[in-house]
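>>> Just the structure for this:
(one chain, ligands or ions: 1)
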Amino acid sequence: MLRSGIYLNGPQTRAIEETLSSYLGVKYAVGVSSGTEALYLILKALELPKESYFLVPSFTFIASAEVIIRAGMIPYFLDIEESTYNLSVGSLEDAYKKLTKKRKKVSGVLAVSLFGLPADLEKIEIFCKERELILVEDICQAFGAQIGDRKAGTFGIASATSFYPTKPLSAFGDGGMVFTNDEKLAFKIKILKEHGQTKPYFYEYHGQNGRIDEIQCAVLQVKFKYFEKELNLRKKIVEKYLEGFKDLSSYLKLPYFPSGYKSSYALFTIRTKYREELKKFLQKNKIETGIYYSLPLHLQPVYKKLGFKKGDLPVCEKVSEEVLSLPLYPYLRDEEVEYIITTVKSFYQKF
Ligand SMILES: Cc1ncc(COP(=O)(O)O)c(C=O)c1O
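Numbers count the residues shown, from 1 in each chain. Here you go, the predicted structure:
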């Protein structure tokens, strides 16, 4: 790639777009500079009514809501299912009813598949079709996941993934991709990521630089060869954790995987009332953990003016006080997994 001297918009980008679109079974893939830009470019290209509402779970990474505002719309936050941490269809129905009763325009839903587990995309797809709402999927954490035979990322009009270094399929830096079967949408996104240029130095749209670089695409081509194997390695580690922690079920809530759902196991997230103590204890024993996410988006200072308050989305609020993600990556060794399990168990021995 370096010898070719083509660093952008070259054969590596085209090759990875082709590889990943055929993996997902969609007609078009557009490589972009990050998962955030992938989401934003989808919403921008859709040209949805300004000031309309776009429904999004509150328990997700901030990019999922940020892009709605950048596209000129208003995020409306939804609660989640306590078992899966993905958006609750009940909350979706309530929000839609509430907004339409007040004669607010609702444009669509951004369904996030969190921690690798697909959201209830079959129900969400039907809900959106029945109300003529646009469904966009955020599969930044769930590339490779599926429900039955259908891959996450193929339910909505378009989906966005991220190649951020911690994601199941990751690059050596930033990168992202849009997937869609809609030819016009794919074409528009390709133009928008090139400053809105439709022929050399001729601009029909207000665009941006949203390109992915050839180095990342070359890296992704190599890493993709190991992707399925790595998903299986992640799965094996998750199974070891589930088995190892099964006696702690009165202290720990373990992740739940509905039958027929295949996760890409981006994160192994447990819940405990003693989160801070457990985190400190593990740190002392040289085990790094993460908190995704400690404050739901509807309570973030930046979204204060949207009018949500504490108590509005009780499941998100409760869960965000208890979640803790344990180490999970394909090359975690058996003895390391064992050490993590015994260390967590030793923490609960004092109870
Ligand atoms: C759910 C979710 N949405 C969007 C993003 C944004 O992706 P990126 O970091 O590539 O911009 C991420 C990644 O961090 C994510 O986890």
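
>>> near the ligand, which residues of the stretch 101-250 of the chain?
Counting by C-beta under 6 Å from any ligand atom, the stretch 101-250 of the chain comes close to the ligand at 112, 138, 140-141, 162, 164, 174, 176. Where you see a C-beta, it was placed from the backbone N, CA and C, and this is true even at glycine.

>>> If you drop the residues flanking it in sequence, what lies closest to the residue in the chain positioned nearest to the ligand?
Of all residues in the chain, the one sitting closest to the ligand is Gly35 (2.5 Å; C-beta to the nearest ligand atom). Once flanking residues are discounted, Gly35 sits nearest to Ser162: 2.6 Å by C-beta to C-beta, 6 or more residues apart in numbering.

>>> what do you get for Tyr241?
In space, and not counting its chain neighbours, Tyr241 is closest to Phe268: 5.7 Å by C-beta to C-beta, 6+ apart.

>>> Then Leu41?
Ile189 (4.8 Å).

>>> wait, what's in contact with that neighbour?
Neighbour list for Ile189: 30, 32, 41-42, 45, 178, 180 [criterion: C-beta atoms under 8 Å, 6 or more residues apart in numbering].

>>> Please list the outside residues in contact with stretch 230-245.
Among residues not part of stretch 230-245, those counted as contacts by C-beta under 8 Å, 6+ apart are 144, 168, 252, 254-255, 263-265, 268, 270, 326, 328-332, 334, 337-338, 340-341, 344-345.

>>> Filter those residues down to just the buried residues.
For the contacts of stretch 230-245, a burial check counting by 16 or more other C-beta atoms under 10 Å picks out 144, 168, 252, 254-255, 263-265, 268, 270, 326, 328, 330, 332, 337, 340-341, 344.

>>> follow-up on the earlier one: and the gap between the residue of the chain closest to the ligand and Ala65?
13 Å (C-beta to C-beta, to the nearest Å).

>>> Show me the helices in the stretch 101-250 of the chain, by range?
Here the stretch 101-250 of the chain has its helices, by DSSP state H, counting those that start in this stretch, at 121-131, 183-192, 214-224, 227-244.

>>> What is the neighbour count of the closest residue to Ser33 other than its chain neighbours?
Counting by C-beta to C-beta, 6+ apart, Gly210 is the residue found nearest to Ser33 once chain neighbours are left out, at 5.2 Å. Applying other C-beta atoms under 10 Å, we find 24 residues neighbouring Gly210.

>>> Surely Gly210 touches Glu37?
Yes: using C-beta atoms under 8 Å, Gly210 and Glu37 qualify as a contacting pair, with a distance of 4.7 Å.

>>> Mind listing the shared neighbours of those two?
Overlap of the contact sets of Gly210 and Glu37 (by C-beta under 8 Å, 6+ apart) consists of Lys193.

>>> which ones are touching the residue nearest to Ser33?
Contact partners of Gly210, counting by C-beta under 8 Å, 6+ apart, are 32-33, 37, 41, 192-194.

>>> Let's see if you can find the most crowded of those.
Going by other C-beta under 10 Å, Val32 tops the contacts of Gly210 with 32 neighbours.

>>> Correct me if wrong: that one contacts Val178.
Yes: the pair Val32 / Val178 is scored as a contact, 6.2 Å apart, by C-beta under 8 Å.

>>> Show me whatever sits in contact with both of these two.
38, 41, 189.

>>> Please report the distance of the last one from Ile68.
As defined by C-beta to C-beta, Ile189 lies at a distance of 17 Å from Ile68.

>>> What would stretch 2-10 look like as CSV? C-alpha coordinates only.
Extracted C-alpha coordinates of stretch 2-10, given in CSV (Å, rounded to 0.1, in the frame of the first residue of the first chain):
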residue,chain,number,x,y,z
LEU,A,2,2.8,2.4,1.0
ARG,A,3,4.7,1.6,-2.2
SER,A,4,1.7,2.4,-4.3
GLY,A,5,1.7,6.0,-3.0
ILE,A,6,-2.1,6.0,-3.0
TYR,A,7,-3.1,7.0,0.6
LEU,A,8,-6.8,7.9,0.1
ASN,A,9,-9.7,6.8,-2.1
GLY,A,10,-7.8,3.9,-3.6
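
>>> and it, average pLDDT?
Throughout stretch 2-10, pLDDT has a mean value of 96.

>>> Check which residues of that stretch are buried.
Going by 16+ other C-beta under 10 Å, stretch 2-10 has these buried residues: 9-10.

>>> Pairing partners for the longest strand along the chain, with directions?
Determined from DSSP state E, the single longest strand within the chain is strand 106-112. Paired with strand 106-112 in the same sheet, following DSSP bridges, are strand 53-57 (parallel), strand 134-138 (parallel).

>>> Which residue is the nearest non-sequential neighbour of Gln283?
Thr289 (7.4 Å).

>>> That neighbour and Ala111: what is the separation?
Distance, Thr289 to Ala111, by C-beta to C-beta: 27 Å.

>>> Send me the helix or strand where Ser325 lies as CSV with only the CA atoms.
In the assignment (DSSP states H and E), Ser325 maps to strand 323-326. Output of strand 323-326 as CSV, limited to C-alpha atoms (Å, rounded to 0.1, in the frame of the first residue of the first chain):
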residue,chain,number,x,y,z
VAL,A,323,-22.3,-1.7,35.4
LEU,A,324,-18.7,-2.8,35.2
SER,A,325,-17.0,-4.3,32.2
LEU,A,326,-14.4,-7.0,32.7
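
>>> Could you number the chain from 51 rather than 1 from now on?
All right, first residue 51 from here; so that's strand 373-376.

>>> Would it count as contacting the ligand?
No: residues of strand 373-376 are not located near the ligand by C-beta under 6 Å from any ligand atom, the shortest gap being 12.0 Å.
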